[in-house]
Structures are given as structure tokens and as C-alpha cells.
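Chemist: Build the 3D model from these lines:
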Amino acid sequence: MPLPTLTPQFEEWEIALHGRRVIYRVAGSGPPVVLIHGMLNSSSHWQSVAQSLAGEYTVLAPDLIGHGDSAAPRGDYSLGAHAASIRDLLAAIGIERASIVGHSLGGGVAMQFFYQFPQRVERLVLISSGGLGREVSPMLRTAALPGMSALLSLTIHPRLLGALHTSGTRLRERGIGAGVYLQAIARALRPLENADARQAFLHTLRSVIDMHGQRVSATDRLGLLESIPTLIVWGERDRTIPIEHGRLAHQAIPHSVFRTIPGAAHFPHLEDPDALSALMLAFLAETQPGGIDDADWGAVLAQRSPRSRRLGDAAA
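Modeler: Below you'll find the predicted structure:
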């Protein structure tokens, strides 16, 4: 399937992959940039950032499986499954290589995408990313507990979601930053009125978080990004994933860039999309695309790993 003719608008498209509905949005023209949303978000949450980038780049944002308007099948919701789905989408519409951007859960997916398909990644942007440490907000740890499916089915109600969104709007009109959170929560929870979407959310959540915190970590593989230009962005008011995770990742990834957004918390693309877009545009303009060919991957791993040896030699 060829890439659709793109416009500055963030247009919604549909494709069937493996017999399942996948929704994605596209805008602009130029080198491709892929935006991967976080837990309970969708491609629509990237609209302001996508339109800022669209003047110079082809921007593509998928709804992850089980999120937004994409199908929510019974199946695998691990980071690897999400990464493979994005690979298949890009292949189907004719994008071979791209700069990959991920927010929160999407940051974990972006790092997994690089690890599985390094030859397809030109740059990496991690925004308030998961997968860089154990700590995470108590709310997410609680949501991963057994029995949450039944509780969600009882509490998710259109009237409650409408009240949350209205309260968020009023707070934003008064200049109170918490308003964007209430609006984001209302938008995120609305799909959970559907039982399949609730199960998809819980499967995704439990694949990366348990009662003790984040259970999937990329910290042992960050050095592999040495040849891939990497930007790490964090909201200075983030209480969902600690900003220290970003600082430590910056130290672990050679030649990476670390930037913060003072007025933002966990949703910089919603709270201050202009500041985030400016950081991303500068990074994309100032760096050359990286790349690791399939033939070079073994050498990259060898630089970071001890050589194999026979077990008999170890015993001797």
C-alpha cells in the first residue's frame, strides 16, 4: 500500500494488518518521523506537535493495538508486539527508515523498536519515557492489581467522564495546569467503556508494570544507542515517572541530548506542545540520521558484551 498523499492536516487513515483494523494519522512531507503515544492515549494526542513538524517532515502516528480506534484483539500486548505492529505498518505504507519518537509507554515501545529493528531507526526521541527505572506513580501500580477490570467496568461512566472533562476545561480557562490532566484522563478513559478496550489496557499495563513498579527495563541496553542520535525530554513537574530516570539515561547513552520543559509534567505534548516541538525541530535539524545495518549489529553487540567462551574452559 503506498503512502497516502499528505497535507498539513493530521488526517486519519485505516489499514487492515493481519486481518485487524489499524488506525494511523499522517501529516506533512519530508523525512519520516513516527510518533508513538503512551498508555491510554492515542494518535490524536499528538495533533499540535504533528502540525508543527509537518512543514518539514512526514509525520505518522499510529493508534497502538488496543488503543484509540485500532482493534483490541485478544493477544499479545507486550512492548515487542507493539514494536512489531509499528514495523508492519511502516512496511505496508512504504517507510523503510524513520526518526522514532515515544512518550511514556511509547518511549518503551520506541526503545524496543530500535532493539528489534535497529536498521529502521535514524534517530530516537524519548519523552517522559517508561522503561528507564522501576519507580512509577502509585496510581499506575494500583491499576495493575488483580480485580481492576471489574472495578473499571463499574466506575467508567459517560456522565463521570463528561464531568471530568468539564472540570478540566474550567481549570484550564483559569490558567490552572491540572486542567490538562483532567481533560487527558477523560479522553483516555472514554474508550474503556468498551470491555475489549479495558482488557487491552490491562494487558498492556501488566506487561510493563506490577505492584512494585515498572517491571521492564532498557537500562542494560542503552549503550547500544551510541550511533543513534538520541534526544531525551522530560517535564520538570513530572510526578508519574521521575525526571531522574531521564538524567540517568542521558548519562548512559553516549552523545545523547537531555532537555527539560519547566512548565510541563508528564504530558509535554499536551501541556506545552510549542516548547516540545521547538526542541524536536532543533534536534532533527542539527543531527544527521544514524543507522545500523543488519550486517553490523553483531559488531555493535560485541562491543558491549564479553566474548563467548566454552563452558569447559570456564570450569578449567
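
Chemist: looking at this structure, which helix or strand does the model trust least?
Modeler: Averaged element by element with mean pLDDT, DSSP states H and E, the chain has its least confident helix or strand at helix 148-155 (a mean of 50).

Chemist: Tell me where the stretch 51-200 of the chain has strands.
Modeler: Assigned by DSSP state E, counting those that start in this stretch, the stretch 51-200 of the chain shows strands spanning 58-62, 98-103, 121-127.

Chemist: next one: the last one to chain centre, how far?
Modeler: In terms of CA atoms, centre = their mean, to the nearest Å, the gap separating the centre of strand 121-127 from the centre of its chain is 10 Å.

Chemist: Paired strands for that strand, with orientation please.
Modeler: strand 98-103 (parallel), strand 230-235 (parallel) (DSSP bridges).

Chemist: Can I get the first one in PDB, CA atoms only?
Modeler: Same thing as strand 98-103. Taking Å, rounded to 0.1, in the frame of the first residue of the first chain, the C-alpha atoms of strand 98-103 are listed here in PDB:
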ATOM      1  CA  ALA A  98      12.400   6.900  10.300                       C
ATOM      2  CA  SER A  99      13.100   9.000  13.400                       C
ATOM      3  CA  ILE A 100      11.200   7.300  16.200                       C
ATOM      4  CA  VAL A 101       9.500   9.400  19.000                       C
ATOM      5  CA  GLY A 102       7.900   7.800  22.000                       C
ATOM      6  CA  HIS A 103       6.000   9.200  25.100                       C
END
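
Chemist: now the most centrally placed residue in the chain, nearest residue through space, not along the chain?
Modeler: Closest residue to the average C-alpha location of the chain: Gly106 at 1.3 Å, with CA atoms, centre = their mean. Nearest non-adjacent residue to Gly106, counting by CB to CB, 6 or more residues apart in numbering: Ile36, 3.4 Å away. No exception for glycine: its C-beta is placed from N, CA and C like everyone else's.

Chemist: so what's Pro31 up against?
Modeler: Taking CB atoms under 8 Å, 6 or more residues apart in numbering, we find Pro31 in contact with Glu56, Tyr57, Thr58, Ala98, Ser99, Glu122, Leu284, Pro289.

Chemist: Good, we can wrap up now.
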